[in-house]
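**Q** Compute the structure for the input listed below.
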Amino acid sequence: MSFSYSKEFGKDKVIFVTKEDHATPSTIELPAPEQPEGVITKDGNINWSCPCLGGMATGPCGVDFREAFSCFQYSKADPKGSDCYEAFTKMRDCFQKYPTVYNKSGGDDDDDDGLGDALDGAGGDGKSADPLANAPDSTDEVVSPGGSKAVVPKA
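**A** Residues are numbered from 1 along each chain as shown. Reported below is the predicted structural model:
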């Protein structure tokens, strides 16, 4: 019969076990996994290391972002954050100084998918974003995809 033993190699400890050791189920119980904290911790503080902030708290405008975010979070004004105008203006001004960091599209807004243009009807193709914009309005009869017809009042 062989025995388990361990050896230490500098900072590492190597444990040699027998086949019998592996055959016995472990009796170690791990603690239940904790839910990761969001941007606001259980005690109401701001978790600046939350990945949901996307590095905003540590970038070139991190101080201004933290001041504005803190102001809003702890605001007692009605409506909430209405007393934070100066902090948000300072943050916006800083963001505008670093457009390559804070505005990947290089435009004036963060809408780089063209949705705003499509909704305005200025998608470049002359078509409206409303799928019913070119539908005839002279009939009260509508045909459903199943082929049945229904009469509806005109709008």
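
**Q** Alpha carbons of the strand or helix carrying residue 88, in PDB - could you do that?
**A** Using DSSP states H and E, the element containing residue 88 is helix 85-97. The C-alpha atoms that make up helix 85-97 are tabulated as PDB, following Å, rounded to 0.1, in the frame of the first residue of the first chain:
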ATOM      1  CA  TYR A  85     -25.800  70.700 -14.100                       C
ATOM      2  CA  GLU A  86     -22.300  72.300 -13.600                       C
ATOM      3  CA  ALA A  87     -20.700  68.900 -12.900                       C
ATOM      4  CA  PHE A  88     -22.200  67.400 -16.100                       C
ATOM      5  CA  THR A  89     -21.300  70.400 -18.100                       C
ATOM      6  CA  LYS A  90     -17.700  70.100 -16.900                       C
ATOM      7  CA  MET A  91     -17.700  66.400 -17.800                       C
ATOM      8  CA  ARG A  92     -19.200  67.000 -21.300                       C
ATOM      9  CA  ASP A  93     -16.500  69.700 -22.000                       C
ATOM     10  CA  CYS A  94     -13.800  67.300 -21.000                       C
ATOM     11  CA  PHE A  95     -15.300  64.500 -23.200                       C
ATOM     12  CA  GLN A  96     -15.300  67.000 -26.100                       C
ATOM     13  CA  LYS A  97     -11.500  67.500 -25.600                       C
END
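
**Q** So what's the residue count around residue 48?
**A** 15 (other CB atoms under 10 Å). Just so you know, the C-beta spots here come from the backbone N, C-alpha and C atoms, and that holds for glycine as well.

**Q** secondary structure class for residue 22?
**A** Three-state assignment for residue 22 (DSSP: H, G, I helix; E, B strand; the rest coil): helix.

**Q** That one - how many residues pack around it?
**A** 9.

**Q** how close does it sit to residue 31?
**A** 24 Å (CB to CB, to the nearest Å).

**Q** Can you pull out the low-pLDDT segments for the protein?
**A** Applying pLDDT under 70 to the chain picks out residues 1-2, 104-155.

**Q** Mind jotting down where the strands sit in this protein?
**A** Ranges of strands in the chain, per DSSP state E, are 5-9, 12-16, 141-143, 149-151.
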